[in-house]
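Asker: Sequence and computational prediction follow.
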Amino acid sequence: MSLLMEAATSAANSAANAPHFPVSATLVYVVGFIAAVTIGSIAWYNSKRPVGWEDKERPSVVPEVKKEETPGIGTPKA
């Protein structure tokens, strides 16, 4: 009887210590992919339009991004 109890205890311990599916890592990948697609779409819509798309309207959900005269340099000295 004690041998049976040892086997059951051993099976329960190994089941509890078995590797589990990495939910948190998968969630990071999914959220990162969605963020990359969203940011890429906004950047694409704010870039120069491809041939044939120059006269198309910007979707209302995409914010307008103003270009700077000297991006990243600061104020120009005249």
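Answerer: Looks like it came in fine.
Asker: With Tyr29 as the reference, measure out to Pro19.
Answerer: 18 Å (CB to CB, to the nearest Å). To be clear about C-beta, it is placed using only N, CA and C from the backbone, and glycine gets the same treatment.
Asker: Who has more neighbours out of these two?
Answerer: For Pro19 versus Tyr29, the count of surrounding residues by other CB atoms under 10 Å is larger for Tyr29: 10 against 5.
Asker: Now do the SS call for the nearest residue to Asn46 once chain neighbours are set aside.
Answerer: Spatial nearest neighbour of Asn46, chain neighbours left out: Val65 (4.6 Å); criterion: CB to CB, 6 or more residues apart in numbering. Look at Val65: counting by DSSP: H, G, I helix; E, B strand; the rest coil, its state is coil.
Asker: and Val65, what pLDDT?
Answerer: Per-residue pLDDT puts Val65 at 77.
Asker: Residue numbering should commence at 352 henceforth.
Answerer: I'll keep to 352 as the first residue from here, and by that count the last item is Val416.
Asker: Can you report how many residues neighbour it?
Answerer: 11.
Asker: again, but for the one 4 residues further on
Answerer: Applying other CB under 10 Å, we find 7 other residues in the vicinity of Glu420.
Asker: how close does it sit to Ser411?
Answerer: On the measure of CB to CB, Glu420 and Ser411 end up 27 Å apart.
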